[in-house]
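Asker: A predicted structure for the sequence below; I have some questions about it.
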Amino acid sequence: MRTLRDLWMIQTKPGPTGEFHYVLLLNPNAAMEWMRGQKMVQDGIYSRFIDRLMEVGAFGEIEAVHEVWKAQAEANSIAAAVAAAAAEPAAPKEIPAPPVAG
């Protein structure tokens, strides 16, 4: 079970019966794509995997996974920029010159 969790095949939450009380089975195509990104899958195996996805009409799942990951990366970048901006000291405000009496 730990290996499946480490390979992104499942997600787990502890509960009354232990570490694996709640188990969520993830999309194995997404898990395979994640493993590919981690260099855990050989090129030949990955090529056969992609060929099979195309044969069964599931390649769109991989494209959807990439879109989700891209959106998450953009959201993380925005959050990091906001956090960095919040951490910067505020620039001193300029005091306006007094009005000129005329």
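Answerer: Now that the structure is in, tell me what you want to look at. Only a predicted model underlies this, so the values are computations on that prediction, with no experimental measurement involved.
Asker: Now do the buried residues in the one helix or strand residue 64 maps to.
Answerer: Under the criterion of DSSP states H and E, residue 64 resides in helix 59-87. Under the neighbour-count criterion of 16 or more other C-beta atoms under 10 Å, helix 59-87 has 62, 65 buried. The C-beta positions use only the backbone N, C-alpha and C, and glycine is treated the same way.
Asker: quick one: low-confidence parts of the chain?
Answerer: Where the chain drops to pLDDT under 70, the residues are 91, 102.
Asker: go with 90
Answerer: Residues of the chain that meet the criterion pLDDT under 90 lie in 7-8, 58, 61-62, 65, 82-102.
Asker: need the longest strand for this structure.
Answerer: strand 18-25 (DSSP state E).
Asker: Now that one: buried residues?
Answerer: Quick answer for strand 18-25: no buried residues (16+ other C-beta under 10 Å).
Asker: pretty sure residue 59 is touching residue 53, no?
Answerer: Yes. Between residue 59 and residue 53 there is a contact at 4.5 Å, judged by C-beta atoms under 8 Å.
Asker: how close does residue 25 get to residue 84?
Answerer: Separation of residue 25 from residue 84 (C-beta to C-beta, to the nearest Å): 37 Å.
Asker: Show me how far stretch 56-68 is from its chain's centre.
Answerer: Remark: stretch 56-68 is offset 15 Å from the chain centroid, using C-alpha atoms, centre = their mean, to the nearest Å.
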